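**Q** here are the coordinates; sequence isn't available:
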Ligand SMILES: [Zn+2]
């Protein structure tokens, strides 16, 4: 582990204590509205203090995946940055319709839990990691374990940021990856799960954040 400054250690200790005190609650399903009332993910487990935010974000994620605007944003990004994306192995063979269809198809397999132990605190407060979520583990029989939201990140996360995390992890569930993220974060942020999460965040009303959080090319597109 990298050495943490004293203040970070104090924060970590406090966070661990608070983390252990939180009560998890479970809701059965989060579904879309009206026409999508039968499209659901679940069960959803989160600390009592954040369950409403996670439920709302889950419902918005389901809605977004059926919103033509979400698909159009993906297509516009791919069109605008075709020459750049042609060098990104993670974008090969993907088009906006295929992406949206694969993500919709993954939804019935998606469930959500949260992690809030001491390691989760470290994964959140370490500025080099800032872990917000883990994708669900794919089991040998093909079933998918729950995606997990970091309870420490949830505390300060806006609703659109939680939508981002869920859509990012659904992209993983649909088979997409960001192979460059660990070595080259700026490239990784422009690979599918990050771009899809960022588009979802913006479409659900999230404010424009910096190139440390969104693909630079996406920011350029939004600022046009
Ligand atoms: Zn990821």
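**A** Received, thanks. Since this is a predicted model, take the numbers as computed values, not measurements.
**Q** use CA for all of it now, contacts and neighbours both
**A** OK.
**Q** point to the residue nearest the middle of the chain.
**A** Nearest to the mean C-alpha position of the chain, by Cα atoms, centre = their mean, lies residue 165 at 1.7 Å.
**Q** work out for me the element it sits within.
**A** helix 159-173 (DSSP states H and E).
**Q** following element in sequence after that helix, please.
**A** helix 185-188.
**Q** contacts for that next one, please.
**A** 178, 179, 180, 181, 182, 194, 211, 212, 215, 216 (Cα atoms under 8 Å, 6 or more residues apart in numbering).
**Q** looking at those residues, which is nearest residue 122?
**A** Distance to residue 122 across the contacts of helix 185-188 (Cα to Cα) is lowest for residue 182, with 17.5 Å.
**Q** distance-wise, check the closest one relative to residue 138.
**A** If you measure residue 182 against residue 138 using Cα to Cα, to the nearest Å, the figure is 21 Å.
**Q** how about residue 213?
**A** 27 Å.
**Q** show me which of the two is the more surrounded one.
**A** A direct count of neighbours by other Cα atoms under 10 Å for residue 213 and residue 138 places residue 213 higher, at 15 against 12.
**Q** quick check, that one in contact with residue 195.
**A** No: in this structure residue 213 lies outside contact range of residue 195 using Cα atoms under 8 Å: 10.0 Å.
**Q** perfect, I'm done here.
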